[in-house]
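Undergrad: sequence and predicted model, in that order:
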Amino acid sequence: MYYRDTAQLWNIDRGDVDEIEPWEDLTASGVAERVHRLGEFGERAERSLRHGPHETDVSLLAAVSFSAAATASLLPWMRNRGLVSGPFNFAAFLSVLVPGYSLVTRRHGDGYVAKLEGIPSFIDGWVDGLREGLTAGQRATRRGVAGAITVYDRLLRSELSRDPLAGQNPPSELTDAEVDAWRNEVIDAIGRSVRPAVARLRDVLELELLPGASSDEEPGLCHLPDGAEAYEELLWAATSTSLGSDAIHQLGLAELGRLDDEYRQIAGPTLGVQDPALVRDRLRSDPGLRYTSTDEIIGDVRALLDRARAEAPRWFGRLPRAECDTAPVNAGGMAYYTAPSPDGSRNGTFYFNATDPSLWTRFALPPTTFHEAIPGHHLQLSLAQELDLHPVLGELEVTAYSEGWGLYAERLADEMGLYATPLQRIGMLTLDSLRASRLVVDTGIHAKGWTRQQAIDFLYDHTALARPNVEAEIDRYIADPGQAASYMVGRLEIDRLRADAATRLGNRFSVPRFHDTILHGGMTPLNELARRVNAWIETTSP
């Protein structure tokens, strides 16, 4: 059995060929042991911080202390909700991430086959954990479970040769004859190991999870045993702040009010409509603003990235060596990014879901591209790998830092002149509306007891999303409590730090140096990011 103590699902996301075989241990005992070890590890880091570590270790210890505690809080819910029906559910792993390795050697090829053969042990362990979660009252939703069953049914009906796992590119060093033999090994492993395990999982979902799953009327954690307290902890894990659900809810409402003023200023002259609600409805309903071709989306993404690459040197002191590739996919979320593989064999990659091109609007694609690629996650995650940092600072997921930077990048793109038309700038506002609305609907669902329909109606009224996109977003927040609040909370803190630095430094303030300060310390909680920026200000002051 190829279990390790590390988060192997994260290694899949990274495409780490050196750790290709393992799967994460999501059994009841495995998760309990990991939560216990994380707690001990975090306490040790916290004690070290209190004893005054060397300056170079402060960020590392702060990140380790926070991430250990945050992961311990998130892990059971990831196992019991997110992996069942969230945007990175297990079906998405099988469809997009697992068959995405950059294989080179025969050993890599053998490792991929071994990974497929390890899926039954992973699924059986995960099912054990799901049963423990059910006993504790940590239910998924009926809609989410039923949707997962539908996906697995479709997968099980497909031909083995057309299974997404069979689409993995072969190791580049193999001969043609060896490639044919390897492909046969892969298909054999899918038929012999993967499909029976997925069928078992599918039956567990239908027979054990579905009967007691939460309804659309009560989808939030506040309806589960100890769920209200758990949600406050998940908000802390997502935002790295002590802001509770009430404060975050009000922050979202305030941001939506401010954005309405920007709609009047930016969108009003362009669209000839002053009412922000009418602006959003116009954006949503005009078919001419939607894509009709995947090829056109691909072309526009590449053009946007070319523009960003050309402008970035003026805004950053250091840029990553790794390139940012683009890849249309037919599963998973609408858009996401994976960092380069540690060995450099795979570039960073911006994935965008092209299953239905009409779900993409011409105004939302640009800010999404800048968020996920350049100057967003590609710079953040690639630099963290390439800089002389402890590897932990490049690999920990501090969501408020990471997604806060991605959202900051959308506004930074406006300063950089990357939005070529007023319509694209309006797109920036629409994504801000989405992130501000997330603060309201996420807390509404999980702390205030909103129904799924209440959340859908609010998000529809306050964004330019079409109803299918709105419904997909709400189902994401239901499956992954708290995560959606991280974007705007993190962005507002970076905005605050930049404004404070500009005020205190005056004509000594440098935007590239501020960005380097934010990015060159790796992923840390927001209070440690503030400490790092303050230290830079003090060393820059006369």
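TA: Structure's in. What do you need?

Undergrad: can I see the domain layout of the chain?
TA: 8-213, 234-489 (automatic domain parsing).

Undergrad: can you convert these into TSV and add a column each for distance to Leu519, mean neighbour count and mean pLDDT?
TA: (Each C-beta comes from the backbone N, C-alpha and C, glycine too.) TSV is the format used below for the domains of the chain (distance: least, CB to CB, whole Å; neighbours: other CB atoms under 10 Å; pLDDT from 0 to 100):
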stretch	distance to Leu519	mean neighbour count	mean pLDDT
domain 8-213	12	18	88
domain 234-489	5	20	92
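
Undergrad: as JSON lines, the ones you listed with distance to His520 would be great.
TA: Below are the domains of the chain laid out as JSON lines (distance: least, CB to CB, whole Å):
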{"stretch": "domain 8-213", "distance to His520": "10"}
{"stretch": "domain 234-489", "distance to His520": "6"}
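
Undergrad: indicate which one of these is closest to Asp226.
TA: domain 8-213 (7.8 Å; CB to CB).

Undergrad: Arg438: helix or strand, and which one exactly?
TA: helix 422-446 (DSSP states H and E).

Undergrad: nearest the geometric middle of the protein, what residue?
TA: By CA atoms, centre = their mean, the chain has its centre lying nearest to Tyr336, at 6.5 Å.

Undergrad: the nearest residue to it once chain neighbours are set aside in helix, strand or coil?
TA: Sequence neighbours aside, Tyr351 is the residue nearest to Tyr336 in space, at 5.3 Å (criterion: CB to CB, 6 or more residues apart in numbering). Of the three states, Tyr351 takes strand according to DSSP: H, G, I helix; E, B strand; the rest coil.

Undergrad: returning to what we had before: now do the next helix-or-strand element following the helix holding Arg438 against helix 422-446, angle only.
TA: Of the helices and strands lying after helix 422-446 in sequence (DSSP H and E), the nearest is helix 452-462. Helix 452-462 and helix 422-446 are oriented at 160 degrees to each other (axes from the mean of the first three to the mean of the last three CA atoms, to 10 degrees).

Undergrad: now the next helix or strand after helix 452-462 against helix 422-446, angle please.
TA: Per DSSP H and E, the first helix or strand lying C-terminal to helix 452-462 is helix 467-479. Interaxial angle of helix 467-479 relative to helix 422-446 (the same axes, to 10 degrees): 40 degrees.

Undergrad: output the contacting helices and strands for helix 467-479.
TA: helix 83-85, helix 142-157, helix 422-446, helix 452-462 (3 or more CB pairs under 8 Å, 6 or more residues apart in numbering; DSSP states H and E).

Undergrad: closest to Met488 out of those?
TA: Met488 lies closest, by CB to CB, to one member of those: helix 422-446, at 4.4 Å.

Undergrad: correct me if wrong: the residue nearest to Tyr336 contacts Val96.
TA: Yes: counting by CB atoms under 8 Å, Tyr351 does reach Val96; the two are 7.1 Å apart.

Undergrad: just checking, Ser161 touches Val186?
TA: No: the criterion here is CB under 8 Å, and Ser161 misses it with Val186 at 9.7 Å.

Undergrad: can you give me the helices for the stretch 201-350 of the chain?
TA: 227-239, 245-262, 268-271, 276-285, 294-311 (DSSP state H, counting those that start in this stretch).

Undergrad: Serialize the ones you listed to a markdown table and add fields for distance to Leu165.
TA: Listed next are the helices of the stretch 201-350 of the chain as a markdown table, based on distance: least, CB to CB, whole Å:
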| stretch | distance to Leu165 |
| --- | --- |
| helix 227-239 | 31 |
| helix 245-262 | 39 |
| helix 268-271 | 46 |
| helix 276-285 | 37 |
| helix 294-311 | 23 |
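
Undergrad: Thr399 is nearest to which of these?
TA: Checked against CB to CB, the stretch from these lying closest is helix 227-239, at 5.1 Å.

Undergrad: convert the C-alpha atoms of that closest one to CSV, please.
TA: The C-alpha coordinates for helix 227-239 follow below in CSV (Å, rounded to 0.1, in the frame of the first residue of the first chain):
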residue,chain,number,x,y,z
GLY,A,227,-21.8,22.5,12.4
ALA,A,228,-22.1,26.2,13.3
GLU,A,229,-18.9,26.0,15.4
ALA,A,230,-17.2,24.0,12.7
TYR,A,231,-18.0,26.6,10.1
GLU,A,232,-16.5,29.4,12.2
GLU,A,233,-13.3,27.3,12.3
LEU,A,234,-13.4,26.7,8.6
LEU,A,235,-13.7,30.5,8.0
TRP,A,236,-10.6,31.0,10.1
ALA,A,237,-8.8,28.3,8.1
ALA,A,238,-9.8,29.9,4.8
THR,A,239,-9.1,33.6,5.7
